[in-house]
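Trainee: here is my input, please return the structure:
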Amino acid sequence: MSQVLEYKYKIDLEKNWLFLSILLIGAIPQILNGYALYLWILLLPLCWIYGTYRLDKNACLIILFSLSYTFFRLLHPNRPATSVIVFHLFYPLVMYESGIYICKRCTHPITVIIVLFSLVFCFAIWSIVNNLFDYVETGAIVNATRSIAGEDGIDLEGVVPATQHNSMLSMAIGGIGMLFIRTKDSFERKFKFLVVILSVFALLSTLHLLNRTGILMAVLSLIIGYFWDGLDSKKIFKTIGLLLFFLIVIYIQFKDSVLVTSVIDGFAAREINEYNGGAATGGGRIGRWLSSPMYILTHPFGSQGLWYEGRYVMAHNIWLDAGIDSGYFAFILLFIITFRFFKNLNILRKDKYIPTFYKAYIFLIIITILLQCCVEPLMRAFYPLFYFLFFIWGLMKCDFSFKKFCSGSMKLKSLF
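Mentor: Okay, here's the model as predicted:
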């Protein structure tokens, strides 16, 4: 990358330092004794001040969804805390407008990629540090309890379950697929190195907590990354050969390794001890998913939870949970939002002005978040990750593209 372009995106970061600081600090809600997430409310006034606020159709849908979801949840006995009500009311719109802000205020599109990676890093770093401290303290490669107790201000007080840790690590894990994406310049190579290193630490953390979803995300990301540039017979045979070679080497060298043995034994013990059927039932999720549609149909205004096996539970799927918690209106609105999101994602996929490298990174992040949305109750467990989808939607809706940077006779190739 030329020095001129490097100068441009550094100027972008400098002139938006206040907005970016608030955005990134809020992405680590565990700091400031858990109050960092409240800072995001300041982002909306900044969008108004700098003139990037736009009340388009997407914003109206987001407002309607936030109002309906929150209102109907307040009708039930298990109403959320006041802070959560405020978050659900404002943060989907705040993050959508923040995505538009970043896209409009940054003159260089690479700034957008840097901001995305910084957010992914902030979401994951707290969990990675906690898992590292847990490993150093206990000396155990895997944590059989699948939870980390808070202490010394590194963690919140109490116990944080593996589900929440995996939600924080999910986007970082998704970056592992960048391993197979081709680079064209020194910036892309450096960026790829940072993404893959963060992904490896995130994957080790999710293995430490015996989380199956994290492993599924890594495998899916690697598959997408590998086939991103297309497929031919030569590539298939080469892949099969290399895969067999590495499997043989791994078996010979590491079959008696403490690391491999601990991880395998940990997952085997989890399968034996789980009361909900283990991996065969999706950790008990499949039964809940099958029961949810009929339950939603019979509860048009929502309920305090899915009545399943004699107790109220969550469906572990944001679309089903929205219908269970708040009834038909929120359920339908979330599906409309999802449809429009995929519509903008398809436009992003076809945009010839966005280099393949950056397009692949954005796509992998979106896929891992959507997978997490399918299997976890993000609106009750780790809602900042749910809000992050609206941030990316704002980027896509506001034409995140190299098009606005490529003017006149300046070709895309000249950027690098």
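Trainee: how close does residue 72 sit to residue 61?
Mentor: Distance, residue 72 to residue 61, using CB to CB, to the nearest Å: 17 Å. For glycine as for every other residue, the C-beta is placed from the backbone atoms N, C-alpha and C.
Trainee: compare those two and say which one has the larger neighbour count.
Mentor: Using other CB atoms under 10 Å as the criterion, residue 72 and residue 61 rank with residue 72 on top: 20 against 17.
Trainee: ok, that one to residue 299 distance?
Mentor: Taking CB to CB, one finds residue 72 at 10 Å from residue 299.
Trainee: shared neighbours of these two, which are they?
Mentor: Counting by CB atoms under 8 Å, 6 or more residues apart in numbering, the contacts common to residue 72 and residue 299 are residue 327.
Trainee: excluding its backbone neighbours, what's nearest residue 87?
Mentor: The shortest distance from residue 87 to any non-neighbouring residue, by CB to CB, 6 or more residues apart in numbering, is to residue 383 (6.3 Å).
Trainee: separation between that neighbour and residue 90?
Mentor: 12 Å.
Trainee: how about the contacts made by residue 164?
Mentor: 381, 382.
Trainee: shaky segments in the chain?
Mentor: 1-10, 33, 144, 146, 149-161, 231-239, 242-243, 245-283, 398-416 (pLDDT under 70).
Trainee: can you point out the buried residues in the longest helix anywhere in it?
Mentor: Ranked by number of residues, the top helix in the chain under DSSP state H is helix 109-138. For helix 109-138, a neighbour-count test (16 or more other CB atoms under 10 Å) marks 109-117, 119-128, 130-131, 134-135 as buried.
Trainee: now stretch 39-46
Mentor: Under 16+ other CB under 10 Å, the buried positions of stretch 39-46 are 39, 40, 43, 44, 46.
Trainee: my read: the fourth one touches residue 93, true?
Mentor: Translated: residue 44. Yes: here residue 44 lies in contact with residue 93, judged by CB atoms under 8 Å, at a distance of 7.3 Å.
Trainee: ok, residues contacting stretch 117-127?
Mentor: Residues contacting stretch 117-127 (CB under 8 Å, 6+ apart): 20, 23-25, 27-28, 30-31, 165, 168-169, 171-172, 175, 191, 194-195, 198, 201-202, 205, 361, 365, 384-385, 388, 391.
Trainee: what subset of those is buried?
Mentor: Buried among the contacts of stretch 117-127 (16+ other CB under 10 Å): 20, 23-25, 27-28, 30-31, 165, 168-169, 171-172, 175, 191, 195, 198, 201-202, 205, 361, 365, 384-385, 388, 391.
Trainee: in helices, which of those residues fall?
Mentor: 20, 23-25, 165, 168-169, 171-172, 191, 195, 198, 201-202, 205, 361, 365, 384-385, 388, 391.
Trainee: what sits against residue 322?
Mentor: Applying CB under 8 Å, 6+ apart, the residues near residue 322 are 69, 330, 331, 334, 379.
Trainee: part of a strand, is the first one?
Mentor: No: residue assignment for residue 69, taken from DSSP: H, G, I helix; E, B strand; the rest coil, gives helix, which places it outside any strand.
Trainee: burial check on the closest residue to it other than its chain neighbours, number of neighbours?
Mentor: Leaving aside its sequence neighbours, residue 69 sits nearest to residue 330 (CB to CB, 6+ apart; 4.2 Å). Residue 330: 28 surrounding residues under other CB under 10 Å.
Trainee: what of residue 351?
Mentor: The number of residues packed near residue 351 is 15, by other CB under 10 Å.
Trainee: now swap in residue 381 and tell me
Mentor: Neighbours of residue 381 (other CB under 10 Å): 18.
Trainee: cool, residue 328 as well?
Mentor: 16.
Trainee: what residues are up against it?
Mentor: So residue 328 contacts 296, 300, 301 (CB under 8 Å, 6+ apart).
Trainee: residue 147 pairs with what?
Mentor: Residue 147 has the following beta-bridge partners by DSSP bridges: residue 161.
Trainee: still on that earlier bit, what's the most distant pair in the contacts of residue 322?
Mentor: 331 and 379 (12.2 Å; CB to CB).
Trainee: and stretch 216-226, how far out from the chain middle?
Mentor: For stretch 216-226, the gap between its own C-alpha mean and the chain's C-alpha mean amounts to 14 Å (CA atoms, centre = their mean, to the nearest Å).
Trainee: which residues does it contact?
Mentor: Contact with stretch 216-226 is made by 170, 173-181, 199, 203, 239, 360, 363-364, 367-368, 371-372, as judged by CB under 8 Å, 6+ apart.
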